[in-house]
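**Q** okay, sequence plus prediction incoming.
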Amino acid sequence: MDSRLTERLKRLAKASGVDLIGISPIERFEGAPKGHKPQDILPNAQAVVSIALNALEGTFSTPVFHVYQLSYALLRSRANEISYQLARFLEERGYRSVIIPGTMPLDMIEKKGLFGAFSHRHAAQAAGLGKIGLNQLLVTKNFGPRVWLGTVITSALLSPSPLLEEDPCPGEECGKCLAACPPGALFLNGIDKKKCLEEGVHAQNLSGLLKYLNKILVAENLEERKKLLWSAEMRVLYQSLVCGMIPACDSCLSVCSVGRRCV
Ligand code: B12
Ligand code: SF4
Ligand code: SF4
């Protein structure tokens, strides 16, 4: 166990703006499905580093979508970049490392984009950052579920972090996330991913883009097609492609009062 390297890595993460960092040894992933254990992603994996970045609470209360979009997109790219920085730090010291995409890219063919290569939530729970709550998200003590996660799998033998003992989510006796989920996609023991995905469908994500392109394809004549191409909706879609396509729903995050710090 390299405790000095672990401390230096944690210091670098904090200096880069990470709010929470924890380390889990690969033995904590025994229950993970085949193909989704650390060693399936990096053959000589020894440890998994999890980071969490707290989202601005204002992100979840602004009614202006493009204001929400900026914070969200920035959080996503920062987590990827910091993960990369940590992986570079470890590789410079001779330890092979990989980073897990925040969301995309992921397997769009067999898994239909609904199953990541490696679960950030389970990794973060195994690293003691929080516990998976009733909303199926990682709920942390200090920031509730309003954290974006990143993961580095490495061949370095890093010192493990303790697991979180108490559960920040009281479960059924709260149940606010279940009640707040617009399509009723959340259940006591899981989530209907398709329902959740449908709710997140918005003019500004992939399904929205495909629906709009289809509208152009089936338009009656050339004039109609031109109108659809030179429309405001097309400009919105273009902007989302440039700035980041963001799911439109987040009620199960915003409603949770655990770790809420702002009025
Ligand atoms: C696909 C995906 C979705 C799908 C499916 C969601 C889901 N719950 O699976 C859809 C589009 C519906 C979705 C929605 C949302 N997502 Co999403 N999503 C992902 C993504 C890319 C993969 C998740 C995944 O693989 N699911 C499939 C498998 C792994 O999950 P599962 O079926 O629950 O796994 C079972 C088994 O496989 C097993 N298992 C899997 N791995 C392991 C490991 C161990 C050790 C064990 C014991 C078991 C185990 O346990 C499960 C059985 O209960 C992750 C990023 C990532 N790579 O982790 C983000 C991620 C989960 N999403 C996130 C967010 C924020 C959202 C949304 C709020 C949308 C938004 N506004 O961004 C909603 C919330 C929905 C919800 N309440 O869960 C965040 C969650 C942050 C947090 N605090 O936990 C993540 C982690 C992205 C990130 N980098 O931070 N998402
Ligand atoms: S993101 Fe929206 S639809 Fe999906 S589980 Fe959360 S509240 Fe329900
Ligand atoms: S809203 Fe309540 S039940 Fe849902 S995750 Fe937060 S604390 Fe748990």
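**A** Sure, I can see it. No experiment lies behind these values; they were computed from the predicted model shown. Ligands and ions are numbered 1, 2, ... in the order given.

**Q** near ligand 1, which residues of the stretch 151-263 of the chain are found?
**A** Contact residues, the stretch 151-263 of the chain versus ligand 1 (Cβ under 6 Å from any ligand atom): 191, 193, 196-197, 247, 250, 252-253. Every C-beta, even on glycine, is put in place using the N, C-alpha and C of the backbone.

**Q** model confidence over the lengthiest helix in the chain, on average?
**A** Selection of the longest helix in the chain by residue count, based on DSSP state H, yields helix 65-92. Mean per-residue pLDDT for helix 65-92: 94.

**Q** just the buried positions in that helix, please.
**A** Neighbour counts over helix 65-92 (16 or more other Cβ atoms under 10 Å) mark 68-76, 78-80, 82-83, 86-87, 89-90 as buried.

**Q** anything in that helix near ligand 2?
**A** No - counting by Cβ under 6 Å from any ligand atom, ligand 2 has no neighbours in helix 65-92; the shortest distance is 12.6 Å.

**Q** just to revisit the earlier point, drop anything exposed from the residues of the stretch 151-263 of the chain next to ligand 1.
**A** Among these, those classed as buried by 16+ other Cβ under 10 Å are 196-197, 250, 252-253.

**Q** residue 215: which of the residues you listed is nearest?
**A** residue 197 (20.0 Å; Cβ to Cβ).

**Q** what does the helix or strand hosting the closest one rub up against?
**A** Using DSSP states H and E, residue 197 maps to helix 193-200. By Cβ atoms under 8 Å, 6 or more residues apart in numbering, the residues outside helix 193-200 that reach it are 114, 181-186, 207, 247-249.

**Q** and the next helix or strand after it, what's buried?
**A** Later in the chain than helix 193-200, the nearest helix or strand by DSSP H and E is helix 206-217. Under the neighbour-count criterion of 16+ other Cβ under 10 Å, helix 206-217 has 208-209, 212 buried.

**Q** please put the alpha-carbon coordinates of helix 206-217 into CSV.
**A** Below are the C-alpha coordinates for helix 206-217, written out as CSV (Å, rounded to 0.1, in the frame of the first residue of the first chain):
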residue,chain,number,x,y,z
LEU,A,206,-30.2,13.0,-29.0
SER,A,207,-33.7,11.8,-29.1
GLY,A,208,-34.9,15.3,-29.7
LEU,A,209,-32.4,15.7,-32.6
LEU,A,210,-33.4,12.4,-34.2
LYS,A,211,-37.1,13.3,-33.9
TYR,A,212,-36.5,16.6,-35.6
LEU,A,213,-34.4,15.1,-38.4
ASN,A,214,-37.2,12.6,-39.0
LYS,A,215,-39.6,15.5,-39.3
ILE,A,216,-37.5,16.9,-42.0
LEU,A,217,-37.2,13.6,-43.8
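
**Q** now it against helix 193-200, angle please.
**A** With axes from the mean of the first three to the mean of the last three Cα atoms, to 10 degrees defining the directions, helix 206-217 sits at 70 degrees from helix 193-200.

**Q** residues contacting the nearest residue to residue 60 once chain neighbours are set aside?
**A** Of all residues not flanking residue 60 in the chain, residue 254 sits nearest, at 3.7 Å (Cβ to Cβ, 6 or more residues apart in numbering). By Cβ under 8 Å, 6+ apart, the contact list for residue 254 reads 60-61, 146.

**Q** name the nearest of these relative to ligand 2.
**A** Nearest to ligand 2 out of the contacts of residue 254 is residue 60 (Cβ to the nearest ligand atom; 11.4 Å).
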